[in-house]
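Novice: Need a 3D model of the following:
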Amino acid sequence: MITAYEQTGTMMANNLRNMYLSNTISDPAVVRKAIVRAVNARRPCTRYRIGRMANAIVFFHWLLPTRWWDAFLRLMGTRKLI
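Specialist: Residues are numbered from 1 along each chain as shown. Purely as a prediction, here's the structure:
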């Protein structure tokens with residue numbers, strides 16, 4: 001049975017698989033270090049920016065109007081990234 005989200009879900013799964021295989025995303029050790037730092041912090045931050053693109057994503061989210069940002073995310077969700 002084909003669902004309404006099957007095509008998008010398959011595309012997103014393929015994009016994630018390709019990102020892991022191409023070394024586009026950060027190493028899991030980076031995330032592990034941030035988690036350990038948060039757990040051991042006396043006063044942990046609300047959010048931690050970790051990974052290769054974290055600062056760029058936050059900057060562009062700040063820079064772009066909300067509608068543009070939402071359109072960008074929709075575009076990224078419907079394109080083959082790699």
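Novice: Distance-wise, check residue 19 relative to residue 60.
Specialist: Between residue 19 and residue 60 the computed distance is 18 Å (Cβ to Cβ, to the nearest Å). Backbone N, C-alpha and C define where each C-beta goes, glycine included.
Novice: ditto for residue 39
Specialist: 29 Å.
Novice: Who has more neighbours out of those two?
Specialist: Comparing residue 39 with residue 60 by other Cβ atoms under 10 Å, the one with more neighbours is residue 60, at 13 against 8.
Novice: now the more buried one, nearest residue through space, not along the chain?
Specialist: Nearest non-adjacent residue to residue 60, counting by Cβ to Cβ, 6 or more residues apart in numbering: residue 69, 7.3 Å away.
Novice: Need phi/psi at that neighbour.
Specialist: When read as degrees, to the nearest 10, the backbone of residue 69 gives phi -60, psi -50.
Novice: Could you check how many residues crowd around it?
Specialist: Residue 69 has 15 nearby residues by other Cβ under 10 Å.
Novice: again, but for residue 4
Specialist: Neighbourhood size, residue 4 [other Cβ under 10 Å]: 7.
Novice: Next, it: secondary structure please.
Specialist: coil (DSSP: H, G, I helix; E, B strand; the rest coil).
Novice: other SSEs contacting the lowest-mean-pLDDT helix or strand in the chain?
Specialist: Least confident helix or strand of the chain, by mean pLDDT, DSSP states H and E, is helix 6-22 with a mean of 83. Using 3 or more Cβ pairs under 8 Å, 6 or more residues apart in numbering; DSSP states H and E, the elements in contact with helix 6-22 are helix 66-77.
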